[in-house]
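Undergrad: sequence plus the predicted model coming up.
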Amino acid sequence: MEQRNVFLGGDDAESTPQSLSRYSGDHDCDDALRASGTDYEKPEEQTHHHSVQAWQYTAIAIGLAVLFIIFGLGSVISTMFFPHPPTSTSMGECGRTPEQARQNGCVFDLMMSGWVHPPCYDQELSDQFLRENNFAFFWDREGTKQFTEAEARLGNYKIIFTNGTFHYQHCTYIWAKQVRARRKSPYVLDSQSRSVEHVEHCFRRVGSPNITQIQLQTGTQLHSSTWRLDCIIGEREVHTAH
């Protein structure tokens, strides 16, 4: 059987050594170009390659622009609908003694049994609670040494005694203070009225009242505090030991 070689659509005639030499030389040239690292592309291939690159760069630029717009709008929307909590300002405590408290410009709130800066003193509400409850005040637990409400309002005591209902009315007072303070801006309220622990204590106290204590003339013992009431302006959650 005869064996014939066909090269790129050639005739049935046998290829000449010259033709083999010609194809071999072309391949050697291509190999040399590739080995040298030279891009060997036809003009139409180069045009197509540059066109694809241009579209890729354009797509990347558009994608980055869209991302910037999305993140920018997200930041604006977050600020509009989920604003960061405003910072709060502490006016500080009043002092360790009544004298220091007065020097620091503080006033005594009998319903809180403590000194506080004027912005945190709701005098109208405090007067209302004292007037409607008409508490009696005593120097001793036995109730033999009574003194006036006006004297108690001076805050010159360390320990005194008053009616058993006072403790429950005090809890109601701080809740009323919270409600009234929320009606104004900025939110101004003392630390004890904000205290999570203090409020929870009042929930338990009012929710499970001591009937015996309520009926006693000296059922509530008051400790004057000149240092634990901090007047705070703005939003802040307070935790205190109770």
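TA: Received the coordinates, thanks.

Undergrad: the protein: helices as residue ranges?
TA: For the chain, helices defined by DSSP state H occupy the ranges 17-35, 43-81, 98-103, 123-133, 149-153, 166-182, 191-194, 196-207, 211-215.

Undergrad: what average pLDDT does the fifth one get?
TA: This means helix 149-153. For helix 149-153, mean pLDDT rounds to 98.

Undergrad: what's next to that helix, contact-wise?
TA: F108, L110, L130, F135, F137, I160, T162 (C-beta atoms under 8 Å, 6 or more residues apart in numbering). In short, each C-beta sits where N, CA and C put it, glycine included.

Undergrad: just the buried residues of the residues you listed.
TA: Buried by 16 or more other C-beta atoms under 10 Å: F108, L110, L130, F135, F137, I160, T162, out of the contacts of helix 149-153.

Undergrad: closest to L154 out of these?
TA: Minimum distance to L154 across these is 6.8 Å, recorded for F108 (C-beta to C-beta).

Undergrad: so the closest one touches H117, yeah?
TA: No - assessed by C-beta atoms under 8 Å, F108 is found out of contact with H117, at 11.6 Å.

Undergrad: what about R204, how many neighbours?
TA: Here the number of neighbours of R204 (other C-beta atoms under 10 Å) works out to 9.

Undergrad: look up how far K177 lies from it.
TA: 19 Å (C-beta to C-beta, to the nearest Å).

Undergrad: one more: Q103?
TA: 25 Å.

Undergrad: which of these two has more residues huddled nearby?
TA: The neighbour comparison of Q103 against K177 (other C-beta under 10 Å) goes to K177, with 24 against 11.

Undergrad: list the contacts of the more buried one.
TA: D122, L125, L189, D190, S193.

Undergrad: quick one: the last one from E99, how far?
TA: Per C-beta to C-beta, S193 is found 25 Å from E99.

Undergrad: check the first one too.
TA: In this structure, D122 and E99 are 24 Å apart, going by C-beta to C-beta.

Undergrad: more neighbours: the two, which one.
TA: The residue with more neighbours, out of D122 and E99, is D122; 23 against 11, by other C-beta under 10 Å.

Undergrad: so what's that one up against?
TA: Contacts of D122 (C-beta under 8 Å, 6+ apart): K177, R180, A181.

Undergrad: how about 10 Å then?
TA: Contact analysis of D122 by C-beta atoms under 10 Å, 6 or more residues apart in numbering lists 109, 111-112, 116, 128-129, 173, 176-177, 180-181, 188-190, 193.

Undergrad: out of those residues, the closest to E237 would be?
TA: Using C-beta to C-beta, those come closest to E237 at L189, 11.5 Å.

Undergrad: what is in contact with F108 and H117 at once?
TA: With C-beta under 10 Å, 6+ apart, F108 and H117 have common neighbours C94, A101.

Undergrad: wait, L125 sits on L189?
TA: No - using C-beta atoms under 10 Å, L125 is not in contact with L189, being 12.0 Å away.

Undergrad: look at these two and report which has more neighbours.
TA: Legend: neighbour count by other C-beta under 10 Å for L125 and L189, higher for L189 (23 against 17).

Undergrad: before we move on, the earlier item: buried ones only from the contacts of D122, please, as a PyMOL command.
TA: Of the contacts of D122, the buried ones can be selected in PyMOL as follows, counting by 16+ other C-beta under 10 Å:
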select buried, resi 109+111+112+116+129+173+176+177+181+188+189+190+193
